[in-house]
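>>> This is the structure alone, sequence omitted:
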């Protein structure tokens, strides 16, 4: 049976019960700030997507760093498959646990719009622009809301830049 999370506070509490280090909690909170700005923009454009899934996916995307805590300080990807396994073993839905993989493997996996938004928030929070990912997100949204790609690109690029421009400040708060 899958655990149902009614809000992100329950998700944060679940991470704490799994002994998530404070640095991980702080990281997902900061990624959540970027995600909230993306969500706000997309809601204002009447894009249909599962906002709650995005919020929860952001909280859980790096859960594997509970097991591989060295990856909180150094590069590594062992946390991705092990995070998915950990969450599933604790009763999190496989669809939500999959964010542990898709946030980093969006180039090689078929991802939902929600998973792509989570991956994008995980880049933008620290000021990193990932053009290929941004282009995929814009194309997916353009098709979804039947808008011209380039017109939408200009509008969303401005949003992405605004979020990324606050990256240094978020990075300072992540230490």
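Looks like it arrived, so ask away. As the structure is a computational prediction, the values presented were derived from the model and not from experiment.
>>> wait, what's in contact with the one residue sitting closest to the centre of the chain?
The C-alpha lying nearest the average C-alpha coordinate of the chain belongs to residue 118 (Cα atoms, centre = their mean; 2.4 Å). Neighbouring residues of residue 118 by Cβ atoms under 8 Å, 6 or more residues apart in numbering: 35, 54, 57, 58, 61, 99, 102, 103. All C-beta spots, glycine's among them, are computed from the backbone N, C-alpha and C.
>>> what's the spacing between it and residue 76?
Here residue 118 is placed at a distance of 19 Å from residue 76 (Cβ to Cβ, to the nearest Å).
>>> and the lengthiest helix in the chain, how far out from the chain's middle?
Secondary structure of the chain read by DSSP state H shows that its longest helix is helix 22-44. Relative to its parent chain, helix 22-44 has a centroid offset of 8 Å by Cα atoms, centre = their mean, to the nearest Å.
>>> can you list the residues that contact that helix?
Applying Cβ under 8 Å, 6+ apart, the external contacts of helix 22-44 come out as 8, 12, 15-16, 49, 51, 54-55, 58-62, 65-66, 69, 72, 117-118, 120-122, 124-125, 141, 156, 159, 162-163, 170, 173-174.
>>> Among those residues, which ones are in helices?
Applying DSSP H to the contacts of helix 22-44, the entries found in helices are 8, 12, 15-16, 51, 54-55, 58-60, 117-118, 120-122, 124, 141, 156, 159, 162-163, 170, 173-174.
>>> From what I see, residue 163 and residue 126 are in contact.
No: judged on Cβ atoms under 8 Å, residue 163 makes no contact with residue 126 at a distance of 10.3 Å.
>>> Show me the shaky parts of the protein.
Judged against pLDDT under 70, the chain has no low-scoring part.
>>> Specify the local secondary structure of residue 137.
When states are read from DSSP: H, G, I helix; E, B strand; the rest coil, the local structure at residue 137 comes out as helix.
>>> related to what we said a few turns ago, looking at the contacts of residue 118, spot the one nearest residue 110.
Within these, the smallest distance to residue 110 is 9.1 Å, found for residue 102 (Cβ to Cβ).
>>> any idea how far the closest one lies from residue 1?
From residue 102 to residue 1 the distance is 23 Å (Cβ to Cβ).
>>> Neighbour count: these two, which is higher?
More neighbours surround residue 102 than the other of residue 102 and residue 1, with 22 against 5 (other Cβ atoms under 10 Å).
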